[in-house]
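Chemist: Provided below for reference: sequence and predicted model.
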Amino acid sequence: MSWEAVHRLQHGDPLDLRTVPSVVGCDPVTRHGIVLTKSIPAKKFDIQTGESILSASAKCPGLIIAPPNYGLYMQCSRAFGDILREFSPLIEQYSIDEYFVDFTNRERLFKDPVEAA
């Protein structure tokens with residue numbers, strides 16, 4: 001959700017999707033598909049990742065639905081991985097926005113992993 005929200009803000013959209021009930025998941029006109037990710041305000045409506053857009057829309061009639069922009073997300077994911085490689089050559093990608101970073105023997109360069117993060 002964050003990558004989509006920031007991208008939209010950078011391109012002139014005045015609404016920050018992170019601050020309102022919103023999801024990424026399908027074509028908002030057809031309303032077919034599933035919730036791929038959701039904003040924190042959408043969680044208050046018990047909207048779950050993986051549920052149908054139809055179901056999520058029923059829980060929150062004013063729900064904002066953004067279609068996925070896979071090209072943007074892949075670009076952001078690669079950039080995120082590149083940043084992590086600056087801290088450790090040993091990283092493992094778990095999902096498009098989740099990585100594991102091995103900090104073993106990195107304490108000489110970065111005293112505290114939490115501080116480095």
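Modeler: Ah, there it is.
Chemist: dump the residue contacts of residue 45.
Modeler: Residues in contact with residue 45 (Cβ atoms under 8 Å, 6 or more residues apart in numbering) are 21, 56, 59, 60, 63. Heads up, the C-betas are built off the backbone N, CA and C, glycines and all.
Chemist: for the longest helix along the chain, what is the average pLDDT?
Modeler: In the chain, assigned by DSSP state H, the helix with the most residues is helix 70-85. The predicted model gives helix 70-85 an average pLDDT of 93.
Chemist: in this protein, which spans are strands?
Modeler: Along the chain, the stretches classed as strands by DSSP state E are 22-24, 37-38, 64-66, 91-95, 98-101.
Chemist: buried deepest among these, which one?
Modeler: Comparing the strands of the chain by mean neighbour count (mean count of other Cβ atoms under 10 Å), strand 22-24 ranks first with a mean of 26.
Chemist: from residue 78, how far off is residue 40?
Modeler: 26 Å (Cβ to Cβ, to the nearest Å).
Chemist: then residue 60?
Modeler: Taking Cβ to Cβ, one finds residue 60 at 32 Å from residue 78.
Chemist: these two: who's more crowded?
Modeler: residue 60 (19 against 12; other Cβ atoms under 10 Å).
Chemist: just give the closest residue to that one, not the sequence neighbours.
Modeler: Closest residue to residue 60 apart from its sequence neighbours, by Cβ to Cβ, 6 or more residues apart in numbering: residue 45 at 4.1 Å.
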